[in-house]
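> need a structure here:
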Amino acid sequence: MEEKLFFYYTNDLHSNFSRWARVAGYLKEVKDQKNAENQSCWLFDIGDHVDRVHPIAEAFMGKANVQLMNDVGYDVVTLGNNEGITLAHEDLYHLYDDANFEVVCANLQNLKGAHPPWFQPSVKITSVNGVKIGVLGLTAPFNAFYELLDWHIAPPFEVLDTYIRDLANHTDIIILLSHLGITEDQEIARRYDDIDVIIGGHTHHLLRTGETINNTIITAAGKHCAFVGEVILTWDQTQKKLVNKEAYTTDITHRAKDLQTEEKLNDLIVQADKVLEEKVVTLSEAIEVSWFNDTPIMEKLSETLKAWTKADCAMLNAGVLLDQFEVGDVSLKDIHRICPHPINPCVVILKGDELMEVIRASFTKEFMELKLKGFGFRGEVLGRMIYAGVEVETEIKEDGQEYVKNVTMNGQPLNPDHSYHVATADTFTFGRLLPEVAKSESKKYYLPEFLRDLLAQTLKKEYGSKQ
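As a prediction, the model looks like this:
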């Protein structure tokens, strides 16, 4: 006799609730159908469900996301880096207090003491006909951030060495919920024959029909839940083994919305507005925002960053502010809307010649007009880099491009061999946006503060007296 086992999953929603009612409708429908047919069915999430870019996630520090997953009927979830490093320690510790599902993350360690009550390295679930399935969770080891929040993420392969053999001895099937990214998932598949399925996320890859490496099928459903993933395993009760593995993703963008979920979201938005309605400042004049020009608000924000981090200089791209501030009361909601990014302040150490290269690169048209997606940035374009503590003289040449002519600090030219402490957004410590910043051997991140916290400080200090 053969038994089919059905697993449906989401990954990397990033609080993009515009599709959530469709996701909920689809998942509720398939789960109800499988239960009615007495077939085994589970719902998983692979992390980054929470993203403080959305007012609902911001107001409730992720707990409303957990409510929404409860309503759908999730069974097992793991953590993404957005749950792990964009919440203060206590907020993550209590994030899943009211969860009706299991939370697995085998490489999460609490540096302040005991694990949270919800914490489990793995769970064992059983099918209708008694097939035993071990579900293990892993998340990406961003310890430069985690350890500032009193957590530690153990190396994934060390953790797998610890748990896989025991799971293999006590279960029939092993499924890994991996918020590690596609490259790590592929390497795990090459190394661990006992893992039957890896359901992935983090790198936002979409595998429409899965990818098989050795004995393991790998799958993932992109980002923002435009797709919902499905894994179908066929277990032969006579042979006591899996005889087939399938993985698919379903486009849910045109599916019907679940009306209860839509009403819940509308209600949560109203509640979030009340939480975030706290007044920060009252403006007698509007504050102009421009992505490609110097503006007083960006100059003042950069000055705040420099002073707050005690750096030699600071630089922030104007694209971090998405809209101007209008006359009247400015609330926490306004600040969140205008600066929604989960971006932390950071200080890197650069030699003078490296800082000069960074400044030159930041004035290129390619940099300013780059439509960045990711690295915490939730805006449209990077925009012009605004500096504090360093004076940059530029000129427009015949080709229309702006070039750096001269750079001084405290009236003196930059010393090519001197080390400068440069404050900026942590965005630039990742990838290849500004290689000198990314390659700096000294990076100090500031958590749990976001740039918008410094923006609120700036507004209070610089504009509060103008009420």
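> surely Ala168 is in a helix?
Yes - counting by DSSP: H, G, I helix; E, B strand; the rest coil, Ala168 is located in a helix.
> list the contacts of it.
Residues near Ala168 by Cβ atoms under 8 Å, 6 or more residues apart in numbering: Ile174, Asp194. Yep, even glycine has a C-beta here, placed from its N, CA and C like the rest.
> ok, it to Ile195 distance?
9 Å (Cβ to Cβ, to the nearest Å).
> again, but for Ser362
Here Ser362 is placed at a distance of 44 Å from Ile195 (Cβ to Cβ).
> the more surrounded of the two?
A side-by-side neighbour count of Ser362 and Ile195, using other Cβ atoms under 10 Å, places Ile195 first with 26 against 22.
> need phi/psi at the more buried one.
When read as degrees, to the nearest 10, the backbone of Ile195 gives phi -80, psi 120.
> my read: it touches Leu177, true?
No - between Ile195 and Leu177 there is no contact under Cβ atoms under 8 Å: 11.1 Å.
> got a list of what Val23 touches?
Residues near Val23 by Cβ under 8 Å, 6+ apart: Thr10, Leu13, Val72, Cys225, Val228, Ile252.
> confirm it sits in a helix?
Yes - assessed with three-state DSSP, Val23 lies in a helix.
> and it, how far from Ala456?
For Val23, the distance to Ala456 equals 33 Å [Cβ to Cβ].
> repeat that for Gly376.
Gly376 is 18 Å from Ala456, by Cβ to Cβ.
> can you give me the helices for the stretch 151-300 of the chain?
With DSSP state H, counting those that start in this stretch as the criterion, the stretch 151-300 of the chain has helices at 156-170, 182-191, 259-275, 296-309.
> now distance to Ala318 too, for the ones you listed, in a markdown table please.
Listed next are the helices of the stretch 151-300 of the chain as a markdown table, based on distance: least, Cβ to Cβ, whole Å:
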| stretch | distance to Ala318 |
| --- | --- |
| helix 156-170 | 38 |
| helix 182-191 | 33 |
| helix 259-275 | 27 |
| helix 296-309 | 5 |
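> which one of those is the most hemmed in?
Among the helices of the stretch 151-300 of the chain, helix 296-309 has the highest mean neighbour count (mean count of other Cβ atoms under 10 Å), at a mean of 21.
> list the helices and strands that helix packs on?
The contact analysis (3 or more Cβ pairs under 8 Å, 6 or more residues apart in numbering; DSSP states H and E) places helix 296-309 against strand 313-317, strand 345-351, strand 385-388, strand 419-425, helix 451-463.
> ok so, going back, what sits in contact with each of Ala168 and Ile195?
Shared contacts of Ala168 and Ile195, defined by Cβ under 8 Å, 6+ apart, are found at Ile174.
> dead centre of this structure: give me the residue that sits there.
Compute the mean C-alpha point of the chain, and by Cα atoms, centre = their mean the closest residue is Asn82, 3.6 Å away.
> how about the strands of the stretch 351-467 of the chain, start to end?
Using DSSP state E, counting those that start in this stretch, the strands found in the stretch 351-467 of the chain span residues 385-388, 391-396, 402-409, 412-413, 419-425, 443-445.
> how near is Ile182 to Gln237?
Applying Cβ to Cβ, the value for Ile182 to Gln237 is 34 Å.
> can you redo the strands of the stretch 351-467 of the chain as JSON lines with mean neighbour count and mean pLDDT?
Shown next, in JSON lines, are the strands of the stretch 351-467 of the chain (neighbours: other Cβ atoms under 10 Å; pLDDT from 0 to 100):
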{"stretch": "strand 385-388", "mean neighbour count": "22", "mean pLDDT": "97"}
{"stretch": "strand 391-396", "mean neighbour count": "12", "mean pLDDT": "91"}
{"stretch": "strand 402-409", "mean neighbour count": "14", "mean pLDDT": "91"}
{"stretch": "strand 412-413", "mean neighbour count": "10", "mean pLDDT": "94"}
{"stretch": "strand 419-425", "mean neighbour count": "22", "mean pLDDT": "98"}
{"stretch": "strand 443-445", "mean neighbour count": "16", "mean pLDDT": "97"}
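> out of those strands, which is closest to Cys105?
strand 443-445 (21.2 Å; Cβ to Cβ).
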